[in-house]
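S.K.: from the sequence below, what's the structure:
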Amino acid sequence: MATVVIGFVELFKGLGTQAAVIQSKEASNELLSTVFWANVGFGALGTVLLATAAPMAAMYYHEPRVTNIIRVLALNFFISGLTILHQALFERRLAFRVLAKVEVVGTFCGAVVGIGSAVRGFGVWALVGQSVTTVSIITILLWYFSDWRPRLLFHWHEIRRIRSYSLNLTGFNIFNYFCRNADYLLIGRFLGATPLGIYTLAYRIMLYPLQTITTVISRVMFPVYSQIQDDDARFRSIYLRTAGMIALVTFPMMVGLWVVAEPFVLSVFGPKWALAVPLIKILAPIGMVQSVAATVGAIYQAKGRTDVMFRWGGALGVILVAAFAVGLRWGIIGVAVAYAVATMIIAAPSFAIPFRFIGLRLGDLAATLSRPLIGSLLMAAVVLAIRTALVHATNLVALQVLVATGAVTYILVSWVVNREQFREAVAFVSRKP
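M.R.: Numbers count the residues shown, from 1 in each chain. Next comes the predicted model:
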């Protein structure tokens with residue numbers, strides 16, 4: 001209950017100043033110090049507002065314990081506000097090895113506190129302690145490893161210089177947050193908890209490649225794009241290579257999931273979740289499209305066009321929410337189908353608009369993605385043929401055989417039809433840090 005409230009307020013953390021610093025061609029000490037103190041102020045304000053609003057959240061949930069939980073978790077806003085800029089500077093310098101070490105240590109310490117507290121019977125406060133510990137350790141380590149220290153400077157003209165960029169980015173994130181949760185809200189309100197649970201399971205499976213692959217790669221590529229923001233030819237080349245590498249992994253994942261949806265759900269989650277099978281088959285193509293479409297946000301940000309990003313994001317939101325509302329008449333299957341149709345309709349302009357800023361053609365992207373797509377479809381044909389021969393096998397055995405067969409088939413097919421991208425991916429993964 002508390003994390004729902006915290007999650008929404010987190011959208012305002014830093015108000016996009018972190019991305020503005022990464023994108024800025026010249027990050028003077030005046031700008032950095034100004035942004036630092038602004039983030040400290042935002043963090044303190046967020047903490048105070050959350051602590052003040054906590055009783056209202058408790059009244060909404062009819063759960064008095066939520067009040068103190070939110071008030072303690074609110075401390076995270078002030079603590080993290082001390083290092084938003086430090087994290088941005090590490091990302092700006094592409095020092096992701098340092099960030100990885102810091103985040104791993106922070107997460108580990110939080111896990112020790114959380115699990116230890118849970119074992120000792122602290123209940124929900126174990127999760128609160130885990131969260132606060134993780135944020136605090138990360139903050140301490142970022143300060144320790146950073147060679148930058150703030151000065152007592154604050155210039156309003158520096159804030160005005162990045163205001164448009166930051167506010168448009170924040171506006172997009174807020175609108176995107178509501179749009180991504182609109183289907184949950186509508187299903188929960190009009191169809192009930194059980195359909196929502198089934199839909200949520202299928203949706204989270206669809207989002208897995210987006211969250212674990214695309215989001216991570218986009219975080220790395222944004223500062224890279226920012227460094228070459230004036231070199232469109234190089235920008236295009238690196239973007240296409242990145243999109244191809246993402247598709248090389250996510251396309252077979254989603255196509256494979258479409259093929260093995262039934263044995264996967266029945267063996268992993270059980271028969272009571274069987275209704276999720278058709279949903280996964282409908283949502284899997286959306287996962288393919290979104291795994292690549294999510295990369296264009298870095299183009300908007302690197303080129304300083306968050307204003308266009310915000311406006312187009314608003315238009316997309318209206319289209320998607322309208323689609324959810326129309327599909328609601330036919331239940332969760334109708335919502336999923338409407339989502340899929342709307343996604344396919346908006347796919348081309350979603351790429352074409354940001355591509356204008358770097359002079360990239362849709363045909364170039366299509367050519368890059370065609371090879372992973374062909375490899376995935378050939379893999380699916382082989383797996384489907386084998387699936388028919390396993391009609392009498394248990395779901396678990398069928399899943400294991402199909403996944404193993406699919407992986408081997410995709411590797412072999414990729415070596416034949418997509419050797420260049422495959423070699424690049426292998427070289428990237430195997431190279432030493």
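S.K.: just checking, residue 82 touches residue 43?
M.R.: Yes. The pair residue 82 / residue 43 is scored as a contact, 7.1 Å apart, by C-beta atoms under 8 Å. All C-beta spots, glycine's among them, are computed from the backbone N, C-alpha and C.
S.K.: could you check which of those two has the larger neighbour count?
M.R.: Applying other C-beta atoms under 10 Å to residue 82 and residue 43 shows that residue 43 carries more neighbours, namely 23 against 18.
S.K.: verify the contact between the more buried one and residue 10 for me.
M.R.: No. The pair residue 43 / residue 10 is not scored as a contact, 11.0 Å apart, by C-beta under 8 Å.
S.K.: overlap in contacts, those two.
M.R.: residue 77 (C-beta atoms under 8 Å, 6 or more residues apart in numbering).
S.K.: and the pLDDT for residue 124?
M.R.: You'll see residue 124 listed with a pLDDT of 85.
S.K.: mind listing what it touches?
M.R.: Residue 124 sits next to 65, 69 when contact means C-beta under 8 Å, 6+ apart.
S.K.: got the phi and psi for it?
M.R.: phi -60, psi -20 (degrees, to the nearest 10).
S.K.: residue 382 sits in which helix or strand?
M.R.: Following DSSP states H and E, the helix or strand that holds residue 382 is helix 362-388.
S.K.: pull out the buried residues from that helix.
M.R.: Buried residues in helix 362-388, defined by neighbour count with 16 or more other C-beta atoms under 10 Å: 364-365, 368-369, 371-373, 375-376, 378-380, 382-383, 387.
S.K.: remind me, longest helix of this protein?
M.R.: Taking DSSP state H as the criterion, the chain has its longest helix at helix 156-190.
S.K.: now do it: which elements does it pack against?
M.R.: helix 17-23, helix 29-61, helix 193-209, helix 306-327, helix 331-355 (3 or more C-beta pairs under 8 Å, 6 or more residues apart in numbering; DSSP states H and E).
S.K.: hey, which of the ones you listed is tucked in deepest?
M.R.: Each of those was assessed for mean neighbour count using mean count of other C-beta atoms under 10 Å. The highest is helix 17-23, with a mean of 24.
S.K.: CA atoms only: put it into PDB for me.
M.R.: Taking Å, rounded to 0.1, in the frame of the first residue of the first chain, the C-alpha atoms of helix 17-23 are listed here in PDB:
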ATOM      1  CA  THR A  17      17.700  17.400 -13.700                       C
ATOM      2  CA  GLN A  18      19.800  14.200 -13.700                       C
ATOM      3  CA  ALA A  19      19.100  13.700 -17.400                       C
ATOM      4  CA  ALA A  20      19.700  17.400 -18.100                       C
ATOM      5  CA  VAL A  21      23.200  17.200 -16.600                       C
ATOM      6  CA  ILE A  22      24.100  14.100 -18.600                       C
ATOM      7  CA  GLN A  23      22.800  15.700 -21.800                       C
END
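S.K.: give me the three-state assignment for the residue lying closest to residue 243 once chain neighbours are set aside.
M.R.: In space, and not counting its chain neighbours, residue 243 is closest to residue 292: 5.4 Å by C-beta to C-beta, 6 or more residues apart in numbering. Under DSSP: H, G, I helix; E, B strand; the rest coil, residue 292 falls in the helix class.
S.K.: could you list the domains of the chain?
M.R.: Domains of the chain are assigned by automatic domain parsing as 2-154, 164-430.
S.K.: by mean pLDDT, show me the worst of those domains.
M.R.: domain 2-154 has the lowest average pLDDT among these, namely a mean of 85.
S.K.: show the end-to-end separation of that one, please.
M.R.: Distance between the two ends of domain 2-154: 34 Å, counting by C-alpha to C-alpha, to the nearest Å.
S.K.: run the chain-centre distance for it.
M.R.: 18 Å (C-alpha atoms, centre = their mean, to the nearest Å).
S.K.: now swap in stretch 329-343 and tell me
M.R.: On C-alpha atoms, centre = their mean, the centre of stretch 329-343 falls 22 Å from that of its chain.
S.K.: do stretch 272-287 as well
M.R.: That offset, for stretch 272-287, works out to 20 Å (C-alpha atoms, centre = their mean).
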